[in-house]
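A.B. asks: please find the sequence and the predicted model below.
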Amino acid sequence: MHPDDPSAQKLTDARPSTSSDDAASTERTIGRHRAPDPSRRGLLGSTPVRVALATGVTCCLSLVAVATARGNDDTPRTVEPLAEAVADRAAIADERASRSLDRDAAPARILPSPTAKPTPTPTAVRKAPKKPVKPRRPRPVAGLDQAQMDNAKIIVDVGLEMKMPRRALVVALSTAMQESNLYNLASDVLPESAEFPNQGSGSDHDSVGLFQQRPSSGWGTVAQLMRPSYAARAFYTALNEIPGWQGMSVTAAAQAVQISAYPDAYAQHEDRATTVAAALTA
């Protein structure tokens, strides 16, 4: 600008300066301890001015941040690294907590009832062994009592087991009715016979059992002959040894086996023996 320019002169005239002013200004600017400017310190020291300045600075910073965040695609966005870091940390936290945010509600815990009893575990049930069924006792017929009828059944059962015909059953029953009245008798002559189950005693020599067979004649031991089943088997065996016994009368067949002193006594029991045999084989 030319020194003769009126405007330059006007500005020069408006700012008079002195050497003293220049020295003071230099001292305030470059000095290590600048002298405070009374006018400025007074202005900045007031409370309203401080509040205004703080508010203005805050607004400016906010505007700068918004402008930076909303820049175009070509402008680097300074807030993205921070947002991405925060998102990454949130994802890591979610993955540690659960793989899915859609978690089912925890099932309610069911407490057992105080009075409820645990269900017993099924175990193998052991069946109690069945007790052997006692054979049904036959109903007495032909005027016999139960003991006599039981002995008659033994005689018939042994005969059937040995495949003996009905005629042999009648002969055997008639013989036992005559000899012992169908009771298993011991012998007064053989005291040892009383040691075995018996239903009375007789005194005809050493004769024992249902058929009054004698141990001394070779029929068997006392213990054997006191068993009704053995005595009946011994009788049927001897009867089978008589030739033609099937065509003989009951008396003749029985006498051929027993060789009794009263051979005609057996015939009187034939009818009852026939009735008993029919009842036990029906």
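C.D. replies: The structure has been received and is ready for your questions.
A.B. asks: go through stretch 256-263 and flag the buried ones.
C.D. replies: Across stretch 256-263, burial judged by 16 or more other Cβ atoms under 10 Å covers 256-258, 260. From N, CA and C alone the C-beta is placed, and that goes for glycine too.
A.B. asks: what sits against Gly209?
C.D. replies: Neighbour list for Gly209: 180, 184-185, 225-228, 231 [criterion: Cβ atoms under 8 Å, 6 or more residues apart in numbering].
A.B. asks: can you tell me which of these are in helices?
C.D. replies: 180, 225, 228, 231 (DSSP state H).
A.B. asks: farthest-apart pair in the buried residues of stretch 256-263, please.
C.D. replies: Spatial extent of the buried residues of stretch 256-263 (Cβ to Cβ) is set by the pair Ala256 and Ser260 at 10.2 Å.
A.B. asks: which other helices and strands contact the helix or strand that contains Gln255?
C.D. replies: Counting by DSSP states H and E, the element that carries Gln255 is helix 250-258. Secondary-structure packing of helix 250-258 (3 or more Cβ pairs under 8 Å, 6 or more residues apart in numbering; DSSP states H and E): helix 166-180, helix 228-240.
A.B. asks: residues in contact with the longest one?
C.D. replies: Residues outside helix 166-180 that contact it (Cβ under 8 Å, 6+ apart) are 151-152, 155-156, 159-160, 182, 202, 207, 209-212, 232, 235-236, 239, 245-246, 250, 253-254, 257-258, 260, 265-270, 272-274, 276-277, 281.
A.B. asks: what are the buried residues along that helix?
C.D. replies: Buried, per 16+ other Cβ under 10 Å, within helix 166-180: 167-180.
A.B. asks: with stretch 241-251 instead?
C.D. replies: For stretch 241-251, by 16+ other Cβ under 10 Å, it's 245, 248, 250-251.
A.B. asks: with respect to Ala142, which of the residues you listed is nearest?
C.D. replies: Nearest to Ala142 among the buried residues of stretch 241-251 is Val250, at 15.3 Å by Cβ to Cβ.
A.B. asks: contacting residues around that closest one?
C.D. replies: When contacts are counted by Cβ under 8 Å, 6+ apart, Val250 touches 170-171, 174, 266-267, 270, 273.
A.B. asks: swap in Tyr230?
C.D. replies: Here Tyr230 is in contact with 220, 224 (Cβ under 8 Å, 6+ apart).
A.B. asks: tell me the pLDDT at it?
C.D. replies: pLDDT for Tyr230: 98.
A.B. asks: how much space between it and Ser201?
C.D. replies: 19 Å (Cβ to Cβ, to the nearest Å).
A.B. asks: and if you look at Ala231?
C.D. replies: In terms of Cβ to Cβ, Ala231 sits 16 Å off from Ser201.
A.B. asks: okay, the two: which has more neighbours?
C.D. replies: Taking other Cβ atoms under 10 Å, Ala231 and Ser201 do not tie; Ala231 has more neighbours (28 against 16).
A.B. asks: my read is that the more buried one contacts Arg214, right?
C.D. replies: No. Using Cβ atoms under 8 Å, Ala231 is not in contact with Arg214, being 11.6 Å away.
A.B. asks: can you check my assumption that Lys138 lies in a helix?
C.D. replies: No Lys there; residue 138 is Pro. No. Assessed with DSSP: H, G, I helix; E, B strand; the rest coil, Pro138 is coil; it does not lie in a helix.
A.B. asks: the residue nearest to Val170 when sequence neighbours are not counted: what's it in contact with?
C.D. replies: Using Cβ to Cβ, 6 or more residues apart in numbering and skipping the chain neighbours, the partner closest in space to Val170 is Ala273 (4.7 Å). Taking Cβ under 8 Å, 6+ apart as the criterion, Ala273 is in contact with 169-171, 173-174, 177, 250.
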